[in-house]
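Trainee: Sequence first, then the predicted structure, then my questions.
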Amino acid sequence: MTFTQLRILLAVARTGNMTRAAEELNTTQSAVSHALRGLESELGLSLLVRGSHGVSLTAAGRAVRRRATLILTQLEALEQEVAAARGADTGSLRVGVIPSANARLLPRILRLYGEAHPRVRLTVIEGSDGEVLDWLRTGAADVGTLTAGAVPADVAGLVTRPLATDRMLAVLPSGHALAEHASVPVAELARHPFIMSTGGCEPLITALARAAGASLRCHYRVRDTGSILAMVAEGLGVTVVPELSLPAHHPGVHAVPLEPASERTILLALPADPLPAATAFAELAGVLGTS
């Protein structure tokens with residue numbers, strides 16, 4: 001059994017696809033398949049269920065993944081601590097991010113971290129709150145961003161801290177009657193076809209509507225913010241998005257604060273025993289996120 005085999009197993013488990021895992025690891029699909037067959041042969045167990053739509057872990061595979069995560073996390077921590085003792089700054093850091101944080105908040109943090117730690121290999125994985133939380137729990141990510149309220153406040157094994165706060169905004173077609181208002185009640189949005197974001201903000205939006213006693217007419221359910229804005233610009237409906245998820249220029253749409261004003265908090269989450277690289281990332285992000 002080798003560390004390479006364990007890394008390949010984790011990559012395949014995370015992506016559910018051998019081709020994507022091979023691309024992520026900068027190797028070939030045949031090398032990935034060979035490594036996994038060797039690992040299964042050595043253990044005498046089937047770790048994967050291979051199907052036409054990808055691969056998934058067997059019960060034994062899930063058990064091996066948990067142990068492999070612990071082994072590789074400790075190995076990475078050891079390598080980083082030894083490097084630090086030598087005065088070097090090397091290793092890897094996997095950052096799990098929710099899309100709305102990745103759009104405008106994280107790029108600057110990632111750039112400055114990369115400049116300060118050029119020998120640390122940065123990998124960014126984008127997903128929903130649930131996906132990022134799962135990656136943090138399983139060790140697929142070393143640090144991540146989460147939406148406060150979308151996940152339990154006292155997640156076992158994780159330490160969270162506020163990273164940034166932004167407003168929730170109504171987004172309307174530019175010529176919409178409500179676009180000229182200084183603010184828009186959620187109940188007014190409920191009178192129009194609604195485009196629901198499924199990229200992580202749905203629980204927040206649903207809670208806002210419930211607090212307003214309104215029932216949103218969800219004609220569309222879309223994950224990608226760019227697609228949502230394009231649909232709003234075409235007059236297909238209205239929506240609510242976090243301010244940080246809006247691009248600097250979004251022609252055809254107009255963003256208006258909600259009434260009453262609503263904000264959400266983005267958290268930075270780390271394991272209770274983080275890698276040195278993750279600690280350094282959190283320290284930098286804490287300064288930049290609130291500046």
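Mentor: Cool, the structure landed. As the structure is a prediction and not an experimental result, all values here were calculated from the model.
Trainee: Go through this structure and flag its longest strand.
Mentor: The residue-count maximum for a strand in the chain (DSSP state E) belongs to strand 158-173.
Trainee: helices or strands up against that one?
Mentor: Judged by 3 or more C-beta pairs under 8 Å, 6 or more residues apart in numbering; DSSP states H and E, strand 158-173 is in contact with helix 202-211, helix 225-233, strand 239-242, strand 253-259, strand 263-271, helix 276-289. C-beta: built from backbone N, CA, C; applies to glycine.
Trainee: please redo it, this time with the cut-off set to 7 Å
Mentor: Secondary-structure packing of strand 158-173 (3 or more C-beta pairs under 7 Å, 6 or more residues apart in numbering; DSSP states H and E): helix 225-233, strand 239-242, strand 253-259, strand 263-271, helix 276-289.
Trainee: Relative to Leu39, tell me which of those wins on proximity.
Mentor: Leu39 lies closest to strand 263-271 among those, at 25.1 Å (C-beta to C-beta).
Trainee: Give me the angle between the closest one and helix 276-289.
Mentor: Orientation check (axes from the mean of the first three to the mean of the last three C-alpha atoms, to 10 degrees): strand 263-271 against helix 276-289 gives 160 degrees.
Trainee: Can you give me the end-to-end span of stretch 20-39?
Mentor: For stretch 20-39, the first-to-last residue distance is 19 Å (C-alpha to C-alpha, to the nearest Å).
Trainee: averaged over its residues, what pLDDT does it have?
Mentor: Across stretch 20-39, pLDDT averages out at 84.
Trainee: Show me which positions of it end up buried.
Mentor: By neighbour count on 16 or more other C-beta atoms under 10 Å, the buried set for stretch 20-39 is 20-22, 24-25, 32-33, 35-36, 39.
Trainee: can you pull out the helices in the stretch 1-150 of the chain?
Mentor: For the stretch 1-150 of the chain, helices defined by DSSP state H, counting those that start in this stretch occupy the ranges 3-15, 18-25, 29-43, 59-85, 99-104, 106-116, 129-138.
Trainee: Distance to Ser215 added to those, as JSON lines?
Mentor: Output for these, formatted as JSON lines (distance: least, C-beta to C-beta, whole Å):
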{"stretch": "helix 3-15", "distance to Ser215": "37"}
{"stretch": "helix 18-25", "distance to Ser215": "39"}
{"stretch": "helix 29-43", "distance to Ser215": "48"}
{"stretch": "helix 59-85", "distance to Ser215": "40"}
{"stretch": "helix 99-104", "distance to Ser215": "24"}
{"stretch": "helix 106-116", "distance to Ser215": "34"}
{"stretch": "helix 129-138", "distance to Ser215": "24"}
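Trainee: Am I right that Pro247 falls within a strand?
Mentor: No. Counting by DSSP: H, G, I helix; E, B strand; the rest coil, one finds Pro247 to be coil, located in no strand.
Trainee: ok, it - contacts?
Mentor: By C-beta atoms under 7 Å, 6 or more residues apart in numbering, the contact set of Pro247 is Ala103.
Trainee: Quick check, pLDDT for it.
Mentor: Pro247 is given a pLDDT of 82.
Trainee: Can you pull the phi/psi pair for it?
Mentor: Per-residue torsions, Pro247: phi -70, psi 160 (degrees, to the nearest 10).
Trainee: The one 5 residues further on too?
Mentor: Main-chain torsions, Gly252, degrees, to the nearest 10: phi 90, psi -10.
Trainee: Leu146 and Trp135 touch, don't they?
Mentor: No. Applying C-beta atoms under 7 Å, one finds Leu146 not in contact with Trp135, separated by 10.7 Å.
Trainee: Of these two, give the one with the bigger neighbour count.
Mentor: Using other C-beta atoms under 10 Å as the criterion, Leu146 and Trp135 rank with Leu146 on top: 27 against 19.
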